[in-house]
Structures are given as structure tokens and as C-alpha cells.
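Trainee: Build me a model from this:
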Amino acid sequence: MNLPPADFDDVLVDTARRAVLGWLATVDADGTPNVSPKEVFALVDGHVAVAHIASPGTVRNLAERPAVCFSFVDVFVQKGFKLKGRARLLRPQDAEFQRWAAPLLAMTQGRFPIHAVVLMAPTHTEPILAPSYRLYPEQTTEASQTASAMARYHVRALPPDAPGTQP
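Mentor: Numbers count the residues shown, from 1 in each chain. Down below sits the predicted model:
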């Protein structure tokens, strides 16, 4: 499968960087959807690279049915993206493995074993929005959604000079 890389815009890339989890959907042999959370993923050269750390169901499904959907959301602004396309599995012995695994290995810093890389070539991308943006567009902003999410999750903002914050 050699599909051209997707053209990711800055908003999609920035949202992916802020997302804590992504979800990879595959389909099993009897047509039942399987959604698996993915903590380690990166957008690389118009593709989505996802670490196979503990996903035997995903691997089994991809062997026969390469159609996938990958979604991620910034939980604070409550916006994200859904990407559909086809995926293939790259194992460590495959020539391309190192290229696609490199950003994932940098993210894990050796904390998780990466058994393979699920490499997705997106063919369709669409935004995900919390219903408030559509139902109450005049009152709903990213700032209001962030404030609401921070209150719901009991998150307090760090002062700008706190260690680990960026200017």
C-alpha cells in the first residue's frame, strides 16, 4: 500500500501534540468494531505512526482488514480530529521500521517496549467538536471550554513562573 502522504495543517498537528490519548479503531473478523486507546503516537511526514505496545487485537485485525480510523481530542478545548485510511504493521525487522519508530521511541524513552509500528496513511480527515460549539456558538469559546474542563477535572493552572512551564 503506497498512498500519498496526507497534508496535515498546523491546527491538526498542534491538536495532536496536545492530545494525551488517541483511539485506533479496527474491525475484527465478524465485523465488530474494536477501539483501542493509544498513548504513543506521532504525525510523521503526512502519516500517523502508532506504537504497538500491548495491542494484540489491533494487530490481529490489521492482518486481514487494513481500514482504520484514528481519533484524538484536546480534552481541554474539546476539539480534535478523526482520520480515516488504511494502515499496515511495521515490525523491527522491516527496513522502514526505524524511520517510523524513531519519534515514538523518543517519546517513550525506553519506558515501553514497541513491538511494532502501526503506520496509517490518512485519506479522509474531519474535525471533532464538542456539541457546545454547535449548539451555543455565540457563548462557546476555547477559553470557556478550557475553564469548564479544568473545573470538571479539578485542574489548577500553574503560575507562569512555575518549573516546567514555558514562556
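Trainee: Which single strand of this structure contains the most residues?
Mentor: Ordering each strand of the chain by length in residues (DSSP state E) puts strand 116-129 first.
Trainee: Show me what that strand is packed up against.
Mentor: strand 47-52, helix 56-64, strand 67-74, strand 79-90, helix 97-108 (3 or more Cβ pairs under 8 Å, 6 or more residues apart in numbering; DSSP states H and E). Bear in mind the C-beta positions are built from the backbone N, C-alpha and C, glycine included.
Trainee: do you know which of those lies nearest residue 129?
Mentor: Residue 129 sits nearest to strand 79-90 of all these, at 5.7 Å, using Cβ to Cβ.
Trainee: Which strands border the closest one, and is each parallel or antiparallel?
Mentor: Sheet pairing of strand 79-90 (DSSP bridges) gives strand 67-74 (antiparallel), strand 116-129 (antiparallel).
Trainee: picking that back up, and the helices and strands packed on strand 116-129, which is most packed in?
Mentor: Among these, the stretch with the highest mean neighbour count (mean count of other Cβ atoms under 10 Å) is strand 47-52, at a mean of 24.
Trainee: that older thread, so which bits of the longest strand of the chain are buried?
Mentor: 116, 117, 118, 119, 120, 121, 122, 125 (16 or more other Cβ atoms under 10 Å).
Trainee: just checking, the last one touches residue 83?
Mentor: Yes. Counting by Cβ atoms under 8 Å, residue 125 touches residue 83, with 5.1 Å between them.
Trainee: now the chain, which segments are flagged as low pLDDT?
Mentor: The chain contains residues with pLDDT under 70 at 1-6, 164-167.
Trainee: So what touches the helix or strand following the longest strand of the chain?
Mentor: Scanning forward in sequence from strand 116-129 by DSSP states H and E, the next helix or strand is helix 131-135. With contact meaning Cβ atoms under 8 Å, 6 or more residues apart in numbering, helix 131-135 is reached by 78, 79, 139, 140, 145.
Trainee: Tell me the buried residues in helix 131-135?
Mentor: For helix 131-135, burial by neighbour count (16+ other Cβ under 10 Å) applies to residue 133.
Trainee: Quick check: bridge partners of the spatially most central residue of the chain?
Mentor: With distances taken as Cα atoms, centre = their mean, residue 22 lies nearest the centre of the chain, 3.6 Å away. As for beta bridges, residue 22 partners with residue 38, residue 72 under DSSP bridges.
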